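*Asks:* Return a 3D structure for these sequence lines:
(chains A and B)
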Amino acid sequence: MMSDKTFEPKIIAFCCHYCAYASADLAGSMRLQYPTGVRIIRTPCTGRLEVEYYMRAFENGADGVLVAGCLEGGCHFIEGNLLAKKRVSAIRDILQESGIEKERLRMVNISAAMATNLAAVINEMVNIIKELGPNPIRKINNGPDIEFKEFETLNSQK
Amino acid sequence: MIVAQRKKIPEIFNVIQEHKSVLVLGCGTCVTVCLAGGEREVSIISSALRIASRKAGKKIKVNEFTIERQCDNVFIEGAAEEIKKNDAVLSLGCGAGVQAIAERYPDTPVYAGLDTAFLGILESRGVWTEKCMQCGTCVLSDFGGICPITRCAKHMLNGPCGGSREDRCEIRADQPCAWQLIYKRLKNIDQLDKIAKEHPIKDWSKSIDGGSRTIIREDHRI
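*Replies:* Numbering: from 1, shown residues only, chains lettered A, B, ... in the order given. Next comes the predicted model:
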């Protein structure tokens, strides 16, 4: 696929509260840089994530979905991240069948102290998606384009 | 319970692609328990079909609805309004559910989203095994509650065949020899004498071989 140099992938990153989200927090404190097209959504545990969330994200035009949980064996809820791993794997197959490259959905394991790793993983993911190009359904028939609203906007809508 | 599994998305998309709107209809009974056609699977498969539809440059409206039981007219009525709003129905029910919907809506194309596999039980989380092939004349009482028709690869009523190795079936090594299980079970319940009983040739006319079956209970008919 042709890669568009101006293309900034929109990626939803589901980060678990106890590890990956804390590492994103730390990445902020450490002033680590990662592309702005990544929106982090805090979740109690990656095992809490319904697989429909991944499907809906792609259906609504997300270019990639990153699921970041604790290190294997280090889940606050013992095995939530292991359950998430299997679910992500199953949904990757369904995405591939539907015509979305499975590389657009990825699960990683990040501990609360691994801020540099998180930034590296995000950069890697962004590069993979830049290679793949935008979510294929966005390009056809003026497909849906996921809108990242600022927190202020979201709050003002309530 | 009836155990089924989802068809691949391209196969489903292929049959629905000519329609403008499709209702993905789930069933809240067996296929919900075997995680193939319940409300959640309706949501996932609908999402996948919307993606596939857009990818193919089409604008198929994929709507979602789930009823308690697709094989029962009383519950099917609950989906009447939704079915009427759509050009076709993709049923995520078992084979009986798909046919029940199709019979009730003669003018609406009804497609199957699942492959109905067998009548079985939940062995452990995420594992289902076949236990009954509905032969029509149950022999479980003679075999300590283990079905040689379903679980023996050769359907032997007078087993074992002699081919099992280390308790495993010679046809499929991942399966236990049903006759080994029957022997152990009969021994445990002190009915080992039953294993020596000779069973005559089975009457398969009571099975599907005699055409699809009907049971009529006059005492319950109105």
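
*Asks:* can you count the residues close to the closest residue to A:I110 other than its chain neighbours?
*Replies:* Nearest residue to A:I110, sequence neighbours excluded (CB to CB, 6 or more residues apart in numbering or on different chains): A:A20, at 4.5 Å. From N, CA and C alone the C-beta is placed, and that goes for glycine too. By other CB atoms under 10 Å in any protein chain shown, 32 other residues sit near A:A20.

*Asks:* From what I see, A:A20 and A:A115 are in contact.
*Replies:* No - if you go by CB atoms under 8 Å, A:A20 and A:A115 don't touch, sitting 10.1 Å apart.

*Asks:* Is any residue of the one helix or strand A:R106 maps to near chain B?
*Replies:* Following DSSP states H and E, one finds A:R106 within strand A:105-109. No - Strand A:105-109 lies out of reach of chain B by CB under 8 Å from any CB of the partner chain, never closer than 12.2 Å.

*Asks:* Report the angle between the helix or strand following that strand and strand A:105-109.
*Replies:* Of the helices and strands lying after strand A:105-109 in sequence (DSSP H and E), the nearest is helix A:115-132. If you take axes from the mean of the first three to the mean of the last three CA atoms, to 10 degrees, helix A:115-132 sits at 160 degrees to strand A:105-109.

*Asks:* strand partners of the longest strand that chain B contains, parallel vs antiparallel please.
*Replies:* If you go by DSSP state E, chain B has its longest strand at strand B:114-124. Partner strands and pairing direction for strand B:114-124 (DSSP bridges) are strand B:2-6 (antiparallel), strand B:127-132 (antiparallel).

*Asks:* so which of those strands is the most packed in?
*Replies:* strand B:2-6 (a mean of 21; mean count of other CB atoms under 10 Å in any protein chain shown).

*Asks:* The helix or strand following it packs against which elements?
*Replies:* Per DSSP H and E, strand B:2-6 leads on to helix B:9-16 as the next helix or strand towards the C-terminus. For helix B:9-16, the elements it packs on are helix A:80-98, helix B:39-55, strand B:88-91, strand B:110-112, judged by 3 or more CB pairs under 8 Å, 6 or more residues apart in numbering or on different chains; DSSP states H and E.

*Asks:* Chain B - how does it break down into domains?
*Replies:* B:2-118, B:133-210 (automatic domain parsing).

*Asks:* Residue 54: how many residues sit nearby?
*Replies:* I'll assume chain A. With neighbours defined by other CB under 10 Å, the count for A:Y54 comes to 25.

*Asks:* please go with chain B instead
*Replies:* 24.
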